[in-house]
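Undergrad: Return a 3D structure for these sequence lines:
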Amino acid sequence: MVRIGKIVATHGIHGTLILSHIVGNSKWLKKGDALMIEVQKGNYIPYFVEQLKANGDDEYHINIEEVTKVEIAKKLITKHVYVDGNILSLLPTDSPLLWIGFNLIDKKVGAVGIIEDVIHTGNQWLAKVMYQNKEALIPLIEQTIDQVNIKAKTVKVTIPDGLLDIYLEA
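TA: Just a heads-up that it's a prediction; the model follows:
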């Protein structure tokens, strides 16, 4: 599963939700697709899209099964939304969303860890990895990415000097 965004608000009185996403285009989601909503940490419930309307390239107004009233919809605000990676298969392979589960390998250090998640900060992507039992955020920008191998599921990077040391000292 790939985290693509979260429910940010309701719209109207019939349970319409506003889904803010980081996919970068408005053509990936279709009627009938399953959205996995994390209702509690590690607890996902599938909801199927009944209706949707793109609102730019980073937002959808959606109606999902069983959510027909604003009172029910309000309980889903701030919840993270995940999708099966196959739904995003039409995205370019250079999308960091597809790198979750890949091995992150540094030019100097070697294996850093498995990319557990990617976070879009607005200006750049960050890979979340566990490095020596500490959570580390590694920038995924043109200057640091050396190679992405989709088949081998590896992302080779050159991490800026001292960045990993910060996490070890914390």
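
Undergrad: shouldn't residue 76 be in contact with residue 70?
TA: No: counting by C-beta atoms under 8 Å, residue 70 is not a contact partner of residue 76; they are 10.8 Å apart. For the C-beta atoms, the positions are set from N, CA and C on the backbone; glycine is no exception.

Undergrad: These two: who's more crowded?
TA: residue 76 (20 against 15; other C-beta atoms under 10 Å).

Undergrad: pLDDT wise, what is the residue nearest to the more buried one when sequence neighbours are not counted at?
TA: Counting by C-beta to C-beta, 6 or more residues apart in numbering, residue 7 is the residue found nearest to residue 76 once chain neighbours are left out, at 4.7 Å. You'll see residue 7 listed with a pLDDT of 94.

Undergrad: give me the number of residues near residue 7?
TA: For residue 7, the count of nearby residues is 22 (other C-beta under 10 Å).

Undergrad: The one 4 residues further on too?
TA: Neighbourhood size, residue 11 [other C-beta under 10 Å]: 16.

Undergrad: any idea how far residue 49 is from it?
TA: 15 Å (C-beta to C-beta, to the nearest Å).

Undergrad: same check, this time on residue 17
TA: On the measure of C-beta to C-beta, residue 17 and residue 49 end up 10 Å apart.

Undergrad: next one: residue 145
TA: Taken as C-beta to C-beta, the span from residue 145 to residue 49 is 33 Å.

Undergrad: Which residues outside the lowest-mean-pLDDT helix or strand in the chain are in contact with it?
TA: Lowest by mean pLDDT, DSSP states H and E among the helices and strands of the chain is helix 163-169, with a mean of 84. Residues outside helix 163-169 that contact it (C-beta atoms under 8 Å, 6 or more residues apart in numbering) are 106, 109, 112, 131-132, 134-136, 138.

Undergrad: Would you mind listing which of the residues you listed are buried?
TA: 106, 112, 131, 136, 138 (16 or more other C-beta atoms under 10 Å).

Undergrad: re the thing from before, dump the contacts of helix 163-169 into TSV; add distance to residue 81 as well.
TA: Compiled in TSV, the contacts of helix 163-169 are given as follows (distance: C-beta to C-beta, whole Å):
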residue	distance to residue 81
106	31
109	33
112	27
131	27
132	31
134	27
135	22
136	25
138	24
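
Undergrad: Among these, which one lies nearest to residue 120?
TA: Nearest to residue 120 among these: residue 138, at 13.9 Å, using C-beta to C-beta.

Undergrad: Break the chain into its domains for me.
TA: 2-88, 96-169 (automatic domain parsing).
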